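**Q** the sequence and its predicted three-dimensional model are supplied below.
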Amino acid sequence: SGAQNGTTPGCTGCTTNASSFFFNEATQAYVSYPTPVTGSNTDPLVSGRGYSVYFRHNLSGNVTLDYTGTHPATGANISLPVAATTGNFSLVGNPYPAPLLWSTTGWNRTGVSDFVSITDNVSVILRVFDINEGDGVITTGQAFWIETTGATPVLEVNENAKTSTQSSGGIFFRTGETLE
């Protein structure tokens, strides 16, 4: 509660500028989430969609984010959102409460690049993983970029893509800091 339109309880001097976004595949642009006019801070997150969240540095006190939901069906392929136009990008989210290995096992891909990209805010780089290398670990809750390469693209994942391996020693490729 209170996070709608970018405001946060305990935030001194905060604006109502959006602080949560998703990437719209059709327009190839970020969209405020929830929508400022019609949205609510109780709007559900869409499983498999990648989100980008910005935390302002002028918070007083700690901020805790809690997410609840249902685990994806066991054994089922989960369809992930992809751009319908060749050469466009999509920000996709890992829908499982486990790391995924970007490899040829557990993924159904048609018209989607062999590569995923993950923003590494710690090193300020974009990490790129090749599906044929089988070394790209997508951490739980991590968003990643994919590019469409053909007509009627499909990207699906199932439990066979899950791994117990953590990315680069368990790095979540986002920076974190304690605010006091």
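**A** Yep, it's here. Numbers count the residues shown, from 1 in each chain.
**Q** least trustworthy helix or strand in this protein by mean pLDDT?
**A** None of the helices or strands of the chain scores lower by mean pLDDT, DSSP states H and E than strand 51-53, at a mean of 80.
**Q** packing partners for that one?
**A** Strand 51-53 sits against strand 20-24, strand 89-93, with contacts defined as 3 or more Cβ pairs under 8 Å, 6 or more residues apart in numbering; DSSP states H and E. Where you see a C-beta, it was placed from the backbone N, CA and C, and this is true even at glycine.
**Q** quick one: buried residues of that strand?
**A** Judged by neighbour count (16 or more other Cβ atoms under 10 Å), strand 51-53 contains these buried residues: Y51.
**Q** same check, this time on stretch 33-44
**A** Buried residues in stretch 33-44, defined by neighbour count with 16+ other Cβ under 10 Å: 33-34.
**Q** now the end-to-end length of that stretch.
**A** Counting by Cα to Cα, to the nearest Å, the length from the leading to the trailing residue of stretch 33-44 is 10 Å.
**Q** follow-up on the earlier one: let's have the helices and strands packed on strand 51-53 in CSV, adding mean neighbour count, distance to F144 and mean pLDDT.
**A** Compiled in CSV, the helices and strands packed on strand 51-53 are given as follows (neighbours: other Cβ atoms under 10 Å; distance: least, Cβ to Cβ, whole Å; pLDDT from 0 to 100):
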stretch, mean neighbour count, distance to F144, mean pLDDT
strand 20-24, 19, 11, 86
strand 89-93, 21, 6, 92
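**Q** okay if I get those as CSV plus distance to G111?
**A** Supplementary listing: these in CSV, determined by distance: least, Cβ to Cβ, whole Å:
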stretch, distance to G111
strand 20-24, 18
strand 89-93, 12
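**Q** from G48, how far off is A151?
**A** Taking Cβ to Cβ, to the nearest Å as the measure, A151 falls 21 Å from G48.
**Q** ditto for N17
**A** N17 sits at a distance of 26 Å from G48 (criterion: Cβ to Cβ).
**Q** ok, those two, which is more surrounded?
**A** A side-by-side neighbour count of N17 and G48, using other Cβ atoms under 10 Å, places G48 first with 19 against 12.
**Q** T105 contacts K162, doesn't it?
**A** No: using Cβ atoms under 8 Å, T105 and K162 do not qualify as a contacting pair, with a distance of 9.9 Å.
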